[in-house]
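[1] missing the sequence, but the structure's below:
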């Protein structure tokens, strides 16, 4: 097979991205080849700026262009409530709802002993340090509702008990627009347990 | 919503790629953010090299690092047979089969009057010019078996008739590993018409 070297290299690098296989990488590479150079340059600059201009907020580990992120710096946010999430992308997801006006704390993952992720590899001690410096009244655990997320939530709630802070977690139940018939038993069971008055 | 500007720009640029929506673009951007800078630099260089190092072969419009592509330059290829394909990616697909040892001609698309793609926007006149300079005996039409591909094949076969060249096209039939039950009627019909002796 006589494929040009630069194309092979580009396909190789693109297929290292998550969710991008060999075939998709090839389609992307050929697309980029056919694009105007100006368009490709924009993409390259955007990716480069991601690494050069963005870092993690020194307080909450959200993405930031400065030492403290926009949310930590904002005067309009409720400083007494912290929402604990796994990844910076979860901050984006929650911000999109406009339902939360407090601060965040990004753990950088969840506990997973098999994958070698112990409490030390997450930003847990930095969270506990915030109890000393900030007047926190409520911690909302917003981790993913899977085994690792549940384990981490349990671990965190026990760890935070001595601080006398109110620890809550986001509701589990049927997703809006979902269908009872197709929901799994665990979700329906939880939805019945957590029913609210109409 | 207070998402950092560089992240928004990167998501915007990534979601311009074919088959990449907003959510996937966000996941890719966050992935790139978490990667080592070295890894991201490799990707950037690979994309940049695509545009800087690759161009289209001046004879067959396949991808090439030089004026003539590897295949056109090769002494080992059968110079009397040309396989006509839509895109450079089709060359890669056919090369992978190791069943074809002739030369190629990349049209750069198929006729589609509604999308404004007329014979002039394809590399058709360059193909006809090759009849003057090269001693071509067979043209294999390997366009996609869809309406545009069939129309373009028909157009090309009529155009090439005066040159007295043998025009063939790749077989249509059941794909290997396919299932009769799930094949569409047109494919099965064609497979029966084009049956071969056992």
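    Done, it's in. None of the values given here were measured: they were computed from a predicted structure. Residues are numbered from 1 along each chain as shown, chains lettered A, B, ... in the order given.
[2] From here on, just use CA atoms for contacts and neighbour counts.
    Will do.
[3] where's the residue nearest the centre of chain A relative to residue A:144, distance?
    Among the residues of chain A, the one closest to the centroid is residue A:87, at 2.3 Å (Cα atoms, centre = their mean). Using Cα to Cα, to the nearest Å, residue A:87 is found at 10 Å from residue A:144.
[4] likewise residue A:174?
    Applying Cα to Cα, the value for residue A:174 to residue A:144 is 15 Å.
[5] now swap in residue A:156 and tell me
    Residue A:156 is 14 Å from residue A:144, by Cα to Cα.
[6] And residue A:20, by the same measure?
    For residue A:20, the distance to residue A:144 (Cα to Cα) stands at 23 Å.
[7] Domain boundaries for chain A, per the record?
    Each domain of chain A is listed here as a residue range: A:5-53, A:64-177, per automatic domain parsing.
[8] need the helix or strand of chain A with the lowest average pLDDT.
    Of all helical and strand segments in chain A, the minimum by mean pLDDT, DSSP states H and E falls on helix A:185-193, at a mean of 84.
[9] Would you state the helices of chain A in chain order?
    Secondary structure of chain A by DSSP state H: the helices cover A:5-14, A:22-34, A:37-53, A:70-73, A:88-97, A:124-133, A:147-160, A:185-193.
[10] what angle do the first one and helix A:22-34 make?
    Right, helix A:5-14. Angle, helix A:5-14 to helix A:22-34, by axes from the mean of the first three to the mean of the last three Cα atoms, to 10 degrees: 130 degrees.
[11] contacts for helix A:5-14?
    Identification of contacts with helix A:5-14 by Cα atoms under 8 Å, 6 or more residues apart in numbering or on different chains yields A:20, A:22, A:25-26, A:28-29, B:42-43, B:46-47, B:49-50, B:53-54.
[12] List only buried entries from those residues.
    Listed as buried from those are A:20, A:25, A:26, A:28, A:29, B:43, B:46, B:47, B:49, B:50, B:54; burial here means 16 or more other Cα atoms under 10 Å in any protein chain shown.
[13] Residue B:35 is nearest to which of the domains of chain A?
    Closest to residue B:35 of the domains of chain A is domain A:5-53 (Cα to Cα; 8.9 Å).
[14] Span of that closest one from start to end?
    So domain A:5-53: terminal residues 31 Å apart, Cα to Cα.
[15] Now do residue A:115 against residue A:88, distance only.
    20 Å.
[16] Same drill for the two, tell me which one is more crowded.
    residue A:88 (21 against 7; other Cα atoms under 10 Å in any protein chain shown).
[17] who's in contact with the more buried one?
    A:61, A:62, A:63, A:106, A:108, B:30.
[18] Repeat that for residue A:53.
    By Cα under 8 Å, 6+ apart, the contact list for residue A:53 reads A:65, B:6.
[19] Wait, the residue nearest to the centre of chain A touches residue A:107, no?
    Yes. In this structure, residue A:87 is within contact of residue A:107 by Cα atoms under 8 Å, at 6.6 Å.
[20] quick one on the thing from earlier: closest one to residue B:181 among the domains of chain A?
    domain A:5-53 (27.1 Å).
[21] and that closest one, average pLDDT?
    Mean per-residue pLDDT for domain A:5-53: 91.
[22] and that domain, how far out from the chain's middle?
    24 Å (Cα atoms, centre = their mean, to the nearest Å).
[23] same thing with stretch A:152-163?
    How far stretch A:152-163 lies from its chain's middle: 20 Å, per Cα atoms, centre = their mean.
[24] what's in contact with it?
    A:110, A:111, A:128, A:131, A:141, A:143, A:167.
[25] And that stretch, what's buried?
    Across stretch A:152-163, burial judged by 16+ other Cα under 10 Å covers A:152, A:153, A:156, A:157, A:160.
[26] close to chain B, is stretch A:96-108?
    Yes. Contact between stretch A:96-108 and chain B, assessed by Cα under 8 Å from any Cα of the partner chain, occurs at A:96, A:98.
[27] and the gap between residue A:194 and residue B:87?
    56 Å.
[28] Same check on residue A:135?
    For residue A:135, the distance to residue B:87 (Cα to Cα) stands at 62 Å.
[29] do the same with residue A:19
    24 Å.
[30] ok so, going back, among the domains of chain A, show me which one is buried the most.
    domain A:5-53 (a mean of 18; mean count of other Cα atoms under 10 Å in any protein chain shown).
[31] show me the contacts for the closest residue in space to residue A:40 that isn't next to it in sequence.
    Nearest non-adjacent residue to residue A:40, counting by Cα to Cα, 6 or more residues apart in numbering or on different chains: residue A:32, 6.5 Å away. By Cα under 8 Å, 6+ apart, residue A:32 lies in contact with A:40, B:47, B:50, B:51.
[32] returning to that earlier point: and the contacts of residue A:88 as CSV, adding distance to residue B:74?
    Below are the contacts of residue A:88 laid out as CSV (distance: Cα to Cα, whole Å):
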residue, distance to residue B:74
A:61, 55
A:62, 54
A:63, 52
A:106, 56
A:108, 53
B:30, 44
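[33] So which of these sit within strands?
    A:63, A:106 (DSSP state E).
[34] Closest to residue B:187 out of the contacts of residue A:88?
    Distances from residue B:187 to these, taken by Cα to Cα, are shortest for residue B:30, at 43.6 Å.
[35] Am I right that that closest one is in contact with residue A:91?
    No. Judged on Cα under 8 Å, residue B:30 makes no contact with residue A:91 at a distance of 11.8 Å.
[36] Find me the pLDDT at residue A:198, would you?
    Residue A:198 carries a pLDDT value of 78.
[37] Burial check on it, number of neighbours?
    Neighbours of residue A:198 under the rule other Cα under 10 Å: 3.
[38] follow-up on the earlier one: closest one to residue B:71 among the helices of chain A?
    helix A:5-14 (13.5 Å).
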